[in-house]
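**Q** any chance you can model this:
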Amino acid sequence: MVKSFVFLGLVAVLLCSNASAQDRGVGLGIILGDPTGLNAKLWTGKSTAIDGAVAWSSGGNSALYLHADYLLHNFNLFKVEEGNLLLYYGIGARFKLTNDTRVGVRIPVGINYIFASAPFDIFLEVVPLLELAPNTAFGVNAGFGVRYFLSRLQKLTSPNTYLPVGRQVKGDLSHQKKRWAGKNGSVNSK
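**A** Numbers count the residues shown, from 1 in each chain. The predicted structure follows:
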């Protein structure tokens, strides 16, 4: 029965990631807290993503921990000078592989900072849990993490500065162009 839940969870993640996700990019990184391990995020649209982790859970029974979430992002809630600070929330599944494998529902809520000039993001999340098997129970996970995005980058006027695809540059970048200018004062646009 547990194998069926794992299979259905993986199929759901694969079906939710459509062809447009290929040009949004994948972020790989770490998450610290409960669980602690490897984290990945796949953008599937301008404000939607699939997030997952393969980690070690130390709360209660230490065990291998897997989760996958469908996330919605609000880019308009917080205003910052550079980059984007956003609220995210969603729903997902988790599997805690112990002697009595646990299957549950996750409801992640967090904040995510996307750097304007680097292919990194950082996040902090709190996740209420509802365990469904082998018995019903409530719990909470929390974590902090960082990810490096492999292909969710878009060139600006300089080859040294990148932004996530679909995000706008905030503010005037004229001070940045001076930094990029060569000896003759022109901006290198290779």
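
**Q** which parts of stretch 30-41 are buried?
**A** Within stretch 30-41, the residues scored as buried using 16 or more other Cβ atoms under 10 Å are I30, I31, G33, D34, P35, T36, G37, N39, A40, K41. C-beta: built from backbone N, CA, C; applies to glycine.

**Q** ends of that stretch, what's the gap?
**A** 11 Å (Cα to Cα, to the nearest Å).

**Q** identify the bridge partners of A137.
**A** E131 (DSSP bridges).

**Q** can you give me the neighbour number for it?
**A** Residues near A137, counting by other Cβ atoms under 10 Å, number 12.

**Q** that one against V103, yeah?
**A** No: using Cβ atoms under 8 Å, A137 is not in contact with V103, being 11.4 Å away.

**Q** what touches both of those two?
**A** Residues touching both A137 and V103 (Cβ atoms under 8 Å, 6 or more residues apart in numbering) are E131.

**Q** what distance do you get for S47 to Y89?
**A** In this view, S47 and Y89 are 11 Å apart by Cβ to Cβ, to the nearest Å.

**Q** list the residues that contact both of these two?
**A** Contacts common to S47 and Y89, judged by Cβ under 8 Å, 6+ apart, are L72.

**Q** what residues does P134 make contact with?
**A** The contact partners of P134, by Cβ under 8 Å, 6+ apart, come to D100, T101, R102.

**Q** which of the residues you listed count as buried?
**A** Among the contacts of P134, those buried by neighbour count (16+ other Cβ under 10 Å) are T101, R102.

**Q** quick one: which of the contacts of P134 is nearest R94?
**A** When the contacts of P134 are ranked by distance to R94 (Cβ to Cβ), R102 comes first, at 7.9 Å.
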